[in-house]
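*Asks:* The following comprises the amino acid sequence and a computationally predicted model.
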Amino acid sequence: MLSFTPLSKLSSFRVNLLPRWSERVSTWRYQSGPGRDLRLDLLRGFCLFVMVIDHLGLVGPDTPLYIFTARGSFFISAAEGFVFISGFTMGLLYVRRIAHSSLDKVIPKIARRVLLLYALAIGMTVFYVALSLFTPLNLIDPCRCQAQFEAAPFKLALEILTLLVARHGANIMVLYCLLVALSPFCFALLLKGRAGRLGLLSATLWLGSFLFPSVVATPFATNFPLLSWQFIFVLGLMLGWRKGQGRVWPTWFNPARQKIYLGGVVLLGVGLLGLFLAVSFDGPARLAEVKFWQSAFDKNWLPPLRMGLVLLYVQFFFLMTDRLWKPLAHSVGWLLLPLGQDALFAYVLHWLVVVAVLNLPGFGHLPYLLYGLAQIGLVYSLILAGRAWRRLRFSFKSLLLVGRPRPGNVPSGLSGQTFLAKLRSEINF
């Protein structure tokens with residue numbers, strides 16, 4: 001005989017289990033502390049993971065990891081996420097520094113960051129141009145400038161120094177360098193309370209770059225149009241600045257409206273993700289060949305539809321990271337957190353890994369699953385290299401600042417051990 005569960009038992013199940021489950025899920029949220037925001041590190045690490053997997057995919061077979069990367073065909077790419085997080089982190093960090101001192105005292109720190117990025121962009125370009133000209137190695141982006149190098153080497157050098165020529169991943173470094181160089185202007189406007197004007201100016205430059213690409217253009221060798229992508233960076237910087245001031249929501253956005261808005265972000269994000277999976281069942285690469293997809297979701301010029309979805313999924317991924325922090329940190333934190341904390345180092349180094357894979361006989365012809373495992377191993381090798389680099393930096397700074405103390409190096413009242421511990425925490429050792 002068939003037996004049916006009484007309605008009273010179903011009601012008891014709903015009453016007893018659902019609140020317990022809701023309580024448990026609520027404990028998964030990220031708990032903010034005085035240090036750095038690990039949610040940003042995890043998301044930055046995920047962006048870099050996607051970049052590495054997709055770039056390694058250029059020299060090898062398809063892998064199961066493309067289910068996480070969409071091979072660059074999703075509504076938002078790792079590059080857009082990375083630029084937004086960079087702007088957000090910069091706004092969040094420098095609003096505190098400017099509050100404790102002034103913009104004039106902070107600008108030298110920004111200038112040092114710009115010089116570092118400039119040196120990395122030049123160094124990467126010179127290194128890969130030299131590999132292309134003087135070695136038989138295969139490169140993804142070879143420098144076809146043998147004739148120019150022989151006829152006018154000084155002109156080529158000048159173009160590299162002025163960021164008009166960049167090769168093999170240095171294009172992104174050029175873009176990042178220029179965006180960071182623009183940040184003092186943004187901070188000056190924000191300090192004067194002109195956030196609206198800054199947003200309007202940034203949006204106007206983005207729309208002008210999209211509508212009149214041949215007129216509104218810059219000569220720099222950025223992988224993506226500078227005036228289009230600055231909008232993502234500036235929006236991130238403005239939101240980070242606002243969060244650093246403790247003003248996340250507008251005053252008229254009460255808690256009830258916040259819940260409705262965040263619920264809408266989740267529903268729309270999940271719905272569009274399902275739609276993407278449904279229409280790309282033949283593979284993301286096929287989807288990227290559709291003419292409508294190419295025009296409406298162009299990654300270079302960022303048309304309005306693409307920009308809107310980028311902003312949607314920036315919120316969606318941050319919200320998911322915040323609400324599901326504990327399971328995410330326990331499952332993938334070992335991989336993504338160190339990758340995000342050493343993102344700049346890992347980005348530069350992963351291009352060397354790509355060159356090595358491209359030139360190792362047989363490596364790019366591994367079977368489907370085996371190549372995916374090899375990609376995970378290569379990503380983890382970047383983490384190990386990052387740890388070694390941090391230890392080297394720590395040892396050098398310890399020797400310089402503690403081994404040979406000079407006036408002003410060690411703050412008064414700090415012992416050598418205490419200062420070493422402080423230094424270790426500052427460089428995330």
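*Replies:* Ah, there it is.

*Asks:* so who does the residue positioned nearest the centre of the chain touch?
*Replies:* Centroid check for the chain by CA atoms, centre = their mean gives residue 82 as the closest residue, at 2.0 Å. By CB atoms under 8 Å, 6 or more residues apart in numbering, the contact set of residue 82 is 44, 47-48, 51, 343. The way it works is simple: take the backbone N, C-alpha and C, and place the C-beta from them, glycine included.

*Asks:* for residue 348, same thing?
*Replies:* Applying CB under 8 Å, 6+ apart to residue 348 gives the contacts 120, 124, 169, 173.

*Asks:* What strand or helix carries it?
*Replies:* Following DSSP states H and E, one finds residue 348 within helix 343-359.

*Asks:* so who does the residue lying closest to residue 353 once chain neighbours are set aside touch?
*Replies:* Distances taken as CB to CB, 6 or more residues apart in numbering place residue 378 nearest to residue 353, at 5.5 Å, with adjacent residues excluded. Each residue near residue 378 by CB under 8 Å, 6+ apart is listed here: 52, 56, 353, 357.

*Asks:* pLDDT at residue 378, what is it?
*Replies:* For residue 378, the pLDDT comes out at 93.

*Asks:* Kindly report the same for residue 114.
*Replies:* So residue 114 comes in at 97 (pLDDT).

*Asks:* That one: neighbouring residues, count only.
*Replies:* 19 (other CB atoms under 10 Å).

*Asks:* Residue 345 now?
*Replies:* 17.

*Asks:* Distance of it relative to residue 380?
*Replies:* 14 Å (CB to CB, to the nearest Å).

*Asks:* How about the contacts made by residue 209?
*Replies:* Per CB under 8 Å, 6+ apart, neighbours of residue 209: 216-217, 225, 227-228, 301.

*Asks:* Lowest-confidence member of those, which is it?
*Replies:* Lowest pLDDT within the contacts of residue 209 is found at residue 216 (80).

*Asks:* how deep is it tucked in, by neighbour count?
*Replies:* 17.

*Asks:* That one and residue 227 touch, don't they?
*Replies:* Yes - at 5.8 Å, residue 216 counts as touching residue 227 under the criterion of CB atoms under 8 Å.

*Asks:* Mind picking out the helix or strand in the protein with the poorest mean pLDDT?
*Replies:* When each helix and strand of the chain is scored by mean pLDDT, DSSP states H and E, helix 416-426 comes last, with a mean of 46.

*Asks:* now the helices for the stretch 51-200 of the chain?
*Replies:* Counting by DSSP state H, counting those that start in this stretch, the stretch 51-200 of the chain has these helices, from start to end: 66-69, 78-100, 103-134, 146-151, 153-161, 170-191, 195-211.

*Asks:* before we move on, what about the stretch 301-429 of the chain?
*Replies:* Going by DSSP H, counting those that start in this stretch, the stretch 301-429 of the chain shows helices at 304-323, 325-341, 343-359, 368-398, 416-426.

*Asks:* Which one of those helices lies nearest to residue 108?
*Replies:* With CB to CB, the closest approach to residue 108 among the helices of the stretch 301-429 of the chain belongs to helix 416-426: 17.7 Å.

*Asks:* that older thread, of the contacts of residue 348, which pair is most distant in space?
*Replies:* By the measure CB to CB, 120 and 169 form the most distant pair in the contacts of residue 348, at 10.1 Å.

*Asks:* more crowded one of these two?
*Replies:* Neighbours per residue (other CB under 10 Å) separate residue 120 from residue 169, with residue 169 holding more: 22 against 19.

*Asks:* Can you report phi and psi for that one?
*Replies:* phi 90, psi -10 (degrees, to the nearest 10).

*Asks:* Kindly provide the distance from it to residue 112.
*Replies:* 22 Å.

*Asks:* Same question for residue 30.
*Replies:* 31 Å.

*Asks:* ok, the two, which is more surrounded?
*Replies:* Shown here are residue 30 and residue 112; by other CB under 10 Å, residue 30 has more neighbours (17 against 10).

*Asks:* surely residue 223 meets residue 172?
*Replies:* Yes - counting by CB under 8 Å, residue 172 is a contact partner of residue 223 at 5.4 Å.
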